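Novice: Model the following, please.
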Amino acid sequence: MIYDLRIYEHAEGRADAVRERFMAEVATRFPDHGIELVGAFVDAATGRLTYLTRFPDEEARAAAWASFGSDPGWQAAKKASEVDGPLVVKQHVTLLSPAMADLPLA
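Specialist: From the prediction side, this is the model:
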């Protein structure tokens, strides 16, 4: 099992738009591409969106993200949401593996 932790730094004043796009256009498309969303969070201090996804292995992760990135519906939604400029200015990606295989996640 591999986990993919992503943190999005939003453009100034665009935190709400990032969250809205994530909920309406991103998270809803994940199942179609084999992406399991474990959880999504907003940093109370900065408003940054953070989310965690899970995959069986790195090969499945790479294939899922490639599939998502080439989704015409996602591409159109991204383009439409960025007519006034990008919503995300930086994305941090951290790959995680369980430290204790038998530890259940809540």
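
Novice: Report the secondary structure element holding residue 6.
Specialist: Secondary structure from DSSP states H and E places residue 6 in strand 2-10.

Novice: what does the very next helix or strand once past that strand contact?
Specialist: Counting by DSSP H and E, the element after strand 2-10 in chain order, helix or strand, is helix 15-21. Residues outside helix 15-21 that contact it (C-beta atoms under 8 Å, 6 or more residues apart in numbering) are 8, 10, 42, 47, 48, 49, 77, 78, 81, 87, 88. All C-beta spots, glycine's among them, are computed from the backbone N, C-alpha and C.

Novice: how close does the fifth one get to residue 15?
Specialist: Taking C-beta to C-beta, to the nearest Å as the measure, residue 48 falls 8 Å from residue 15.

Novice: So for the two, which residues contact both of them?
Specialist: Common neighbours of residue 48 and residue 15 (C-beta under 8 Å, 6+ apart) are residue 42.

Novice: Tell me who's in contact with residue 89.
Specialist: Residue 89 neighbours (C-beta under 8 Å, 6+ apart): 9, 10, 11.

Novice: What residues sit buried inside the helix or strand where it lies?
Specialist: Using DSSP H and E, residue 89 maps to strand 88-96. Neighbour counts over strand 88-96 (16 or more other C-beta atoms under 10 Å) mark residue 88 as buried.

Novice: which of the contacts of residue 89 are buried?
Specialist: So, by 16+ other C-beta under 10 Å, the buried ones in the contacts of residue 89 are 10, 11.
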